Every structure is written in structure tokens, then in C-alpha cells.
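Asker: Sequence and predicted structure below; questions after.
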Amino acid sequence: AHHPTEVFRALQTGRTVADGHNLYVIFQPHLFSRTREFAKEFAESLSMADRAYVLDIYPAREQPIEGVTSELITGAGFSEVRYATAESAIEDIASYAQSGDIVMTVGAGDVTALGPRLLEALQIRHDGDLTKDLPPAAKQVYRDDSAFMLTDILKGTMTSPYGTGRGLSLANDMPAAPGL
């Protein structure tokens, strides 16, 4: 999700899937120009999470623009939205996330590579079993690549050793496991 509307839709779906549990998101903005133009909108979209961690901007093809940093997003007045390094976001989420909470990585750049690190930190905290307190139907959809699936399904670009969207449907614009 590189645009505030995409971020909003992803978090809207995450909020629905969380179903009363907390929603955590690590967001990496894509491009300095896009961050400058949509900082407030990104912050507003990210405020749907209980905690949103904003990483440094992924520049891709752009050179830095003076005065344009992730702090334009984190300084837009939403207390749930804060600046973080990847390490501090992972540490914080691992400390606070409970069974049933949803953790999403959203954006561009290396944020998509944080899933395995997040899962490792969460597994250490939960003694290796992230599914022990989940109902049986929820255990059906848990896999090591679950952290990547939600936003990739929304973009229609999910690639997984299990196939694209296996066991999931996009009925009503929401990924869901059979039987949930």
C-alpha cells in the first residue's frame, strides 16, 4: 500500500479481522514526494491502528527532499502514530501484542522483510506457540507467512509457497478463512 486510500483499506480490513483485538501496523512510506503530499492523510489512515509505527521513507528512485521525513506523518496529531526504527517497532509489538491481535507490515521497501523477524520475536515471547490461545478455526489460517498475506491479498499480488490466496476468499472485500 503506497497511497493513503490503500493504507486505509488495508487497515480497515485489519480492524475487521482483529474483531475486538488490537491492530498493530509497521508502515514504511514510499517516496519523499508522496510523503510530502499525503502526510496528513497517511497519518489519518494509520490512526485506525491501536499502534502505528512509521519507519524512515523508502526513497526508491527519488533523492531526499529537504524537510521531508517520516516525521511529517508522525507529527500530524494522531497519538497512535509514532516514529520508530524497525528494531524498536518489533521490540514494542513483541512486548505488547497478545493472542488474537493483528500485526501488519504495510508500505514499500524493506518493511516487507520484517515479517520473519516479527514472528521470531513473538514466538520467543509466547514460548514458541503463537496459536495456543486461538480458536481452532483461526489456527487453520496461521502460517509463517501470515504477516505478509493481508496486504498482499488486497493488492492481488500474494505469492506464497502455498499458492495465491489458498484457503482465503475476498468475499465482501475481506480475506477470511473457511469456517470463520
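Answerer: The structure has been received and is ready for your questions. Residues are numbered from 1 along each chain as shown.
Asker: For the protein, name the helix or strand with the lowest mean pLDDT.
Answerer: Of all helical and strand segments in the chain, the minimum by mean pLDDT, DSSP states H and E falls on helix 146-155, at a mean of 41.
Asker: Moving C-terminal from the helix or strand encompassing Val103, which element do we reach first?
Answerer: Secondary structure here is read from DSSP states H and E; on that basis Val103 sits in strand 102-107. Heading C-terminal from strand 102-107, the first helix or strand you meet, by DSSP H and E, is helix 115-125.
Asker: from the chain's centre, how far out does that next one sit?
Answerer: Its chain's C-alpha centre lies 14 Å from the corresponding centre of helix 115-125 when counted by C-alpha atoms, centre = their mean, to the nearest Å.
Asker: What are the buried residues along that helix?
Answerer: Gly115, Arg117, Leu118, Leu119, Ala121, Leu122 (16 or more other C-beta atoms under 10 Å). (C-beta placed from N, C-alpha, C; glycine too.)
Asker: How about stretch 81-88?
Answerer: For stretch 81-88, burial by neighbour count (16+ other C-beta under 10 Å) applies to Val81, Arg82, Tyr83, Ala84, Ala86.
Asker: Which pair of the residues you listed spans the longest distance?
Answerer: Val81 and Ala86 (16.2 Å; C-beta to C-beta).
Asker: how about the helices of the chain, start to end?
Answerer: When secondary structure is read from DSSP state H, the chain shows helices at 4-18, 32-46, 71-74, 86-96, 115-125, 136-139, 146-155.
Asker: For Ala108, find the nearest of these.
Answerer: Taking C-beta to C-beta, helix 32-46 is the member of the helices of the chain nearest to Ala108, at 9.4 Å.
Asker: which one of the buried residues of helix 115-125 sits closest to Met48?
Answerer: The shortest approach to Met48 among the buried residues of helix 115-125 belongs to Leu118, at 19.2 Å (C-beta to C-beta).
Asker: Just put the buried residues of helix 115-125 in a markdown table and tack on distance to Tyr24 and pLDDT.
Answerer: A markdown table is the format used below for those (distance: C-beta to C-beta, whole Å; pLDDT from 0 to 100):
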| residue | distance to Tyr24 | pLDDT |
| --- | --- | --- |
| Gly115 | 13 | 85 |
| Arg117 | 14 | 87 |
| Leu118 | 9 | 86 |
| Leu119 | 13 | 84 |
| Ala121 | 12 | 88 |
| Leu122 | 11 | 84 |
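Asker: Can you name the residues that contact His30?
Answerer: His2, Ile57, Tyr58, Ala60, Gly107, Ala108, Gly109 (C-beta atoms under 8 Å, 6 or more residues apart in numbering).
Asker: related to what we said a few turns ago, any chance of the buried residues of stretch 81-88 in TSV, plus pLDDT and distance to Glu37?
Answerer: Formatted as TSV, the buried residues of stretch 81-88 follow (pLDDT from 0 to 100; distance: C-beta to C-beta, whole Å):
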residue	pLDDT	distance to Glu37
Val81	96	17
Arg82	96	21
Tyr83	97	19
Ala84	97	22
Ala86	95	24
